[in-house]
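> Got a predicted structure here, sequence first:
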Amino acid sequence: LSAKPMALMRCISLLLCCVPLQCAALELRSRLPVASASAATSSVKSNVIVPPPRTREEMLTQAADAVSRARADGVTRTMLRLLLPRGGNLVPPDESWEGGILQLYSVCSPLVKDLLRQISSSIAGVPPALREQRLDASGVDGESMWVAQSARPAEDGVAFVQPSAEVLDAIEQVCESAGARPVLMVNPQWREGDDPLDALSRQGGIIGAIGCFLGGKASTEQRIAELGFQPAYNLVQFSCRGSTVVFTRSYPGDWAVFIQQPDEKAEFLFSAAERPDYQQVEKQLIEQGIPFRFASELFTPGGILPSDD
């Protein structure tokens, strides 16, 4: 039996034994050897711009395509931030969900399952076997891991649902054993946007240590980078001047900014290499003569302020 697949099997089995659930559910079969994960990326950045998805299925297709493009460039560790279906719409995973992290988990986990199914190829018409294991021993943190086992070893995959910084050790162990198999993090619980503590935590020394202790995410970002994770697919939605604004980013493209009104097709505003902030979007809306819309601001699912979570 090859060392890499057996290591992955032992690693996941060990991780699962740390929580009060049956470990056998996610034991992996012995595998043929696969190449080590590569950190190589495309030397030429293509201008990939995707419009805001209008359905759950369209969003999953866009996300799977982005992960596939990343894998073609040798990037097997990817992060994705998805909107969540609610009431026939796709909405941000923000404070508007009254059930908190567990309600978000109940919607996000099925999304991750279907995404992993799309990414893990069916061989000879046989779909991958998919199994989930909760990672939060308390059952209140809304974290889990999906494992896809395909007929071809190289098509196996692992996806973490709403991981927090507290499970980075487990993610690191899985990454070390997974080789070139894809490992995904979907809707991580740390913020994507920055706040003052994040800036403080990046200063280094005692000041940076204090910033990290108070909740800054610099140390988390460093560990993620060391593990080779790269953003593959991002969706952000908020309201600006009464208009629904959606950011999209799909590997290996830049951020694309769209304005979307009820019953209207999304209109492209601009793109940027770095994530735009609220002030940049507001400036573009004013310069392009887009009026303030009171009604849409009142009823937009994402609220009146952008979410940086």
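Good, I have the coordinates. Numbers count the residues shown, from 1 in each chain.

> Quick check: residue 120 vs residue 189, distance?
As judged by C-beta to C-beta, to the nearest Å, residue 120 and residue 189 stand 25 Å apart. (Glycine included, C-beta is placed from N, CA and C.)

> okay, the two: which has more neighbours?
Each of residue 120 and residue 189 has its neighbours counted (other C-beta atoms under 10 Å); residue 120 has more, 26 against 19.

> residues in contact with that one?
128, 148, 150, 155-157 (C-beta atoms under 8 Å, 6 or more residues apart in numbering).

> again, 6 Å this time
Neighbouring residues of residue 120 by C-beta atoms under 6 Å, 6 or more residues apart in numbering: 128, 148, 150, 155, 157.

> ok, the last one - contacts?
With C-beta under 6 Å, 6+ apart as the criterion, the residues that contact residue 157 are 116, 119-120, 148, 181-182.

> again, only this time at 10 Å
67, 71, 76, 115-117, 119-121, 128, 130, 146-150, 178, 181-184 (C-beta atoms under 10 Å, 6 or more residues apart in numbering).

> which residue ranges form the strands in the chain?
Listed in chain order, the strands of the chain (DSSP state E) span 77-81, 84-86, 89-91, 129-134, 144-149, 157-161, 183-186, 230-240, 243-250, 255-260, 267-272.

> Let's see the last one as CSV, backbone CA atoms only.
Yep, that's strand 267-272 we're talking about. Taking C-alpha atoms only, strand 267-272 is exported to CSV below (Å, rounded to 0.1, in the frame of the first residue of the first chain):
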residue,chain,number,x,y,z
GLU,A,267,-24.8,45.6,-14.6
PHE,A,268,-21.0,45.5,-14.5
LEU,A,269,-19.5,48.6,-12.9
PHE,A,270,-15.7,48.0,-12.6
SER,A,271,-13.0,45.6,-11.7
ALA,A,272,-10.0,45.8,-9.3
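
> Buried residues of it, list them for me.
Residues of strand 267-272 classed as buried by neighbour count (16 or more other C-beta atoms under 10 Å): 269, 271.

> Can you list the strands that that strand pairs with?
Each strand paired with strand 267-272, and its direction, by DSSP bridges: strand 255-260 (antiparallel).

> can you state the direction angle for the strand it pairs with and strand 230-240?
Going by axes from the mean of the first three to the mean of the last three C-alpha atoms, to 10 degrees, strand 255-260 is angled at 30 degrees with respect to strand 230-240.

> okay, the angle between strand 255-260 and strand 243-250?
Computed with the same axes, to 10 degrees, the direction of strand 255-260 lies at 150 degrees from that of strand 243-250.

> pLDDT below threshold where in the stretch 151-300 of the chain?
Residues of the stretch 151-300 of the chain that meet the criterion pLDDT under 70 lie in 192-218, 262-264, 294-300.

> Helices of that one, start to end?
Under the criterion DSSP state H, counting those that start in this stretch, the stretch 151-300 of the chain contains helices at 168-178, 196-201, 205-213, 218-226, 278-287, 294-299.

> Number of residues surrounding residue 82?
A count of nearby residues for residue 82, using other C-beta under 10 Å, gives 24.

> err, residue 138, not the other one
Neighbours of residue 138 under the rule other C-beta under 10 Å: 9.

> What of the one 4 residues further on?
Around residue 142 there are 24 other residues, counting by other C-beta under 10 Å.

> residues touching it, list them.
By C-beta under 10 Å, 6+ apart, the contact set of residue 142 is 99-106, 108-109, 134-136, 161-164, 187, 189.

> can you check residue 108 too?
Residue 108 makes contact with 82, 84, 93, 101, 142, 144, 161-162, 186-187, according to C-beta under 10 Å, 6+ apart.

> mind redoing it with 6 Å?
Residue 108 is in contact with 161-162, 187, counting by C-beta under 6 Å, 6+ apart.

> next one: residue 230
Applying C-beta under 6 Å, 6+ apart to residue 230 gives the contacts residue 75.

> hey, what's it bridged with?
Note on residue 230: beta-bridge partners by DSSP bridges are residue 78.

> Repeat that for residue 126.
For residue 126, the beta-bridge partners under DSSP bridges are residue 123.

> ok, now how distant is it from residue 139?
Residue 126 sits 33 Å away from residue 139, going by C-beta to C-beta.

> What of residue 183?
24 Å.

> For those two, indicate the residue with more neighbours.
Set residue 183 next to residue 139 and count neighbours by other C-beta under 10 Å: residue 183 wins out with 22 against 12.

> Can you read off the pLDDT for the closest residue in space to residue 105 that isn't next to it in sequence?
Leaving aside its sequence neighbours, residue 105 sits nearest to residue 142 (C-beta to C-beta, 6 or more residues apart in numbering; 3.3 Å). We have a pLDDT of 95 for residue 142.
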